[in-house]
Structures are given as C-alpha cells and as structure tokens.
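Chemist: sequence plus predicted model, see below.
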Amino acid sequence: MSRAPVPGDEFMMRDTTSHPPAYAPSYKTSVLRSPRNALISLQQSLSEVTGPLFRAEELGPKDNDLILNAAKDGLPIGERVVVHGYVRDQYGRPVKNALVEVWQANASGRYRHKKDQYIGALDPNFGGCGRMLTDNNGYYAYRTIRPGPYPWRNRVNDWRPAHIHYAISGDGWVQRLITQMYFEGDPLIATCPILRIVPSEEQIRGLIALQDTSAFVQLDSRAYRFDIVLRGHRATLFENQIQGAAQ
Amino acid sequence: MSSDTLLRETASQTAGPYVHIGLAPQQAGFDIFENNFGNVLVTPQTQGERIRIEGIVYDGSGTPVRDVLIECWQANAAGKYNHPGDRQEGKAVDPTFRGWGRACSDFDSGVYAFETIKPGVVSGRKGRPMAPHINLWIVARGINLGLNTRLYFSDEAEANAKDPVLNLIEWEVRRKTLIAQRETRDGMRVYRFDIRLQGEGETVFFDI
C-alpha cells in the first residue's frame, strides 16, 4: 500500500474459499435455503464501500456486560468468563468503531427466545445478548456466562458445541460479517456439522477462542481471546477509482 | 504488502434460528436494551418521500422463511450516503437519516417490512448514475454466508434500464427479480419485494 486507507476506498474482493459453501447437505437447513445460481460479481461502488456507522451514545453502559445486563434479583448461574480480542482488517490494521453484537444460550444451553423449546432451564437473571464498539486499537471486551451445549434437529444426536454468535459491522457494507465463536477444548467441535462445513482447518481454528490466562480476573473469571478479521481496504489504482469516493 | 501475507477474512457462520436475541431482542420476546435498532429508518424530520418496503423471503420449496433477518443500507433522498467515504459534490447528508435498518420476518406470516424514504440517484463507477436502489443483506438459519442483493423500484423504469448493475446481469429475465412493485395502500406508498432464495424466479444475489 502506498498510502493509508481512507473511507471510501475499495475493499479486497471476498475469497469465498474462506467460508462454508451455501449448499452444505450435512447442515440440512442449508439445502432449501441456498441459491442455485452463481452469485454475480460486482465491482464496488459507493453503495458497497460505505456502510452504517455507530456512536457510543447509542449503546447503554451495561450493553457489554451479559452478567449484569439482564440480572433481576441475583447473578446468573454458570461459569463467569471474559471474552476479548481485536477486530482487524486483512492487512492487520485495527478496525476502529466496529459494532460487535453477541448472543448466546445460557449455561444450560437454553436461549431466551420464544421459539426455543429445549428442556434446559431458563435463567431469570440471564438475557444472553450484548454489544459494544471497538476502540481505536480495534479492541473489544465483554463478560458473560459460558454458554452450554445443546441438542438440535439435524441428525438425531447432533449437539452444538458451546458457542457465542457474533455480528460485526465495520465501516463498509461489504465488511458485514456474521459468525460464531467456539471454546478451545470442547469435544463437540470435532463433529459439529455447522463448523465442519468451513472449508479448511485453518479457518476452523480461527473460530475457536483460546483460553487466555493473562486476562483472568483473580478469584472471579476465566478469559478467552477471540480475534476477528474483516475484509481490508485496498489501494485504489489509477483507472479504478470509484466516482464520488476517495481521490 | 503482497497478497500471500494478507490475513484471511474470518469464516462466516449461519445466524442460526435465534438471531433475534442478539440483533432484535424484542422480537425474541424480551426487553434488554434501551435503544433498539429496528426497521424504521425515518424520523418526522427526514427529507424525502415516505415509503414502506414489504415482502416475504421464500425457500426452495416456496415456503416463507419465517426466521430471516434483513438489513438495508441506502442513500438519502438526494442520493448521498451518510458516510465520510461519499464525496459526491453538491449533495448533502441528511443528519436525521442514517440510511440503515434491520427487519425480521414475522414468525407467523413471514412478512418483513421497512419504513423508509425513497433514495435518490447515486453516482456509480466512471460516473454512470445508478438508479435509486436499496442494498439488502439477508441472514438466517441455513444461510452460511449472508446474501447480498439490491432492491430497485418499478416506477423508475427509465433509470433502471440504464443502471450499470442491472445491466451487468446477463440474463435479462433475472433482472426483474430485483424490481420492487409499487402499490398504494391507504394513501401510503408500498413497494412489494419478495425474495426467492432458490428455484424458479430465484433472486439475483451479488458477490460484492
């Protein structure tokens, strides 16, 4: 890169080999929800390189504290954990002010959702969602209860490994990403159909948070480290400029 | 930096059936945040023609997808995005309009909706104007990588005919999958935009 990127620069094209295919029969729900036609590739315009931006004052002070943000008359049950990491682009640059939204089941593997019928108990003091903005270093952190695994309707005995869902919004529409974070050492990781359709072991490893003893809170919480990579701004070359965007 | 030293984008995973907990908790059935991100993009001060976007997402069997979440991103009435990367001259940002919203399909009917304004023309590559359009991002259980598409307007036939993105779609018959159909209901302008994930009339999705 000859210069630092500025808003409006194009982004790297998406490498689809980094992602699971749309049609993945071992994850049965994808069979009828996957397009059969090829995606049509677009050269990016202002519509793709811009995107929604968020302000700190739009979020509440407890939005990143899943231990307290839904507590009613006590603390939620389960293992207390801190999850933290960096959101970077493909060049390793921090993605500042990215909106990171997370959601998860409680310690017994039950979601606070009217469509979840699992027998695992709801926890009156746990909601299961949070959100935050990354700082100038691309850093984010929240604390929560480690979610439990739960059975789901795919093959009869499929269980989801413990996981936390993420939705990340950077500064361009093309960076929008939704994913899931898993926990190091979970034996269910080896067989999960949703995770196993990710096309390489390297990419699967990228979804597994590592225990991070350096960030443990003494006599309180363990910690996990989970870094995220979003698509990077790339140098805009001569004839390739987006009209009305960066010069 | 050469491409072989680039980091790989983190792998995408499905939003799952309970996406509402995180992104639309009221739809999941509880209140947790003071400020919720929703499907109403306008305030009383927003400039532009009020419109409602409405539709159903269908799977490959023709069944409504009742657990889908859709986000939209659009320019304001003047054709300007509320983003520092938009340096189009002679167009102002409307401070009351971010241009972004998030909608969930109804658990029973499958209908999703946005309350917004009709966007203006945005300059495309090489200065070619792009017809008014709204960018959509679709995630749900069973969708492994969010699907991107664009919504255009049926009453913009002339602009649509010259739009560089619609013209990029080699199969003319597929272009119409991106045109929302205008209706008037109780004096309100409604654009119907159904999305077909698979099969006959499959919506055009973009790799952006």
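Modeler: On my side now, so go ahead. Because the structure is predicted, anything quoted here is derived from the model rather than measured.

Chemist: quick one: low-confidence ranges for chain B?
Modeler: The model of chain B has pLDDT under 70 over residues B:1-4.

Chemist: tell me which stretches of chain B form strands.
Modeler: All strands of chain B, identified by DSSP state E, fall at B:50-58, B:69-74, B:100-104, B:111-117, B:122-123, B:129-130, B:133-139, B:147-153, B:179-185, B:188-192, B:195-196, B:206-207.

Chemist: for chain A, that is, sorry about that
Modeler: Going by DSSP E, chain A shows strands at A:40-41, A:80-89, A:99-104, A:129-133, A:139-145, A:150-151, A:159-160, A:163-169, A:177-183, A:208-211, A:222-225, A:228-230.

Chemist: re the thing from before, closest one to residue B:172 among the strands of chain B?
Modeler: Residue B:172 lies closest to strand B:179-185 among the strands of chain B, at 12.0 Å (C-beta to C-beta). For every residue, glycine as well, the C-beta is placed using N, CA and C.

Chemist: and residue B:191, how many residues sit next to it?
Modeler: Residues near residue B:191, counting by other C-beta atoms under 10 Å in any protein chain shown, number 23.

Chemist: that should have said residue B:162, apologies.
Modeler: Applying other C-beta under 10 Å, I find that residue B:162 has 12 neighbouring residues.

Chemist: with residue B:194 instead?
Modeler: 17.

Chemist: not counting sequence-adjacent ones, nearest residue to it?
Modeler: Nearest non-adjacent residue to residue B:194, counting by C-beta to C-beta, 6 or more residues apart in numbering or on different chains: residue B:55, 4.5 Å away.

Chemist: dump the residue contacts of that neighbour.
Modeler: Contacts of residue B:55 were listed using C-beta atoms under 8 Å, 6 or more residues apart in numbering or on different chains, and they are B:111-113, B:180, B:192-195.

Chemist: report the buried members of the residues you listed.
Modeler: B:112-113, B:180, B:193-195 (16 or more other C-beta atoms under 10 Å in any protein chain shown).

Chemist: helices of chain A, residue ranges please.
Modeler: Secondary structure of chain A (DSSP state H): helices at A:46-49, A:193-196, A:201-205.

Chemist: pLDDT on the longest one, on average?
Modeler: Regarding helix A:201-205, the rounded mean pLDDT is 98.

Chemist: so does it get close to chain B?
Modeler: Yes - Helix A:201-205 reaches chain B (C-beta under 8 Å from any C-beta of the partner chain) through A:202-204.

Chemist: ok now do the residue minimising distance to the centre of chain A, which residues does it touch?
Modeler: Centroid-nearest residue in chain A, with C-alpha atoms, centre = their mean: residue A:166, separated by 2.6 Å. Residues near residue A:166 by C-beta under 8 Å, 6+ apart: A:100-102, A:177-181, A:228.

Chemist: ok so, going back, got JSON lines for the helices of chain A, with mean neighbour count and distance to residue B:167 too?
Modeler: Shown next, in JSON lines, are the helices of chain A (neighbours: other C-beta atoms under 10 Å in any protein chain shown; distance: least, C-beta to C-beta, whole Å):
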{"stretch": "helix A:46-49", "mean neighbour count": "25", "distance to residue B:167": "15"}
{"stretch": "helix A:193-196", "mean neighbour count": "20", "distance to residue B:167": "37"}
{"stretch": "helix A:201-205", "mean neighbour count": "14", "distance to residue B:167": "35"}
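
Chemist: got JSON lines for those, with distance to residue B:76 too?
Modeler: Shown next, in JSON lines, are these (distance: least, C-beta to C-beta, whole Å):
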{"stretch": "helix A:46-49", "distance to residue B:76": "12"}
{"stretch": "helix A:193-196", "distance to residue B:76": "38"}
{"stretch": "helix A:201-205", "distance to residue B:76": "38"}
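
Chemist: indicate which one of the ones you listed is closest to residue A:29.
Modeler: helix A:193-196 (9.5 Å).
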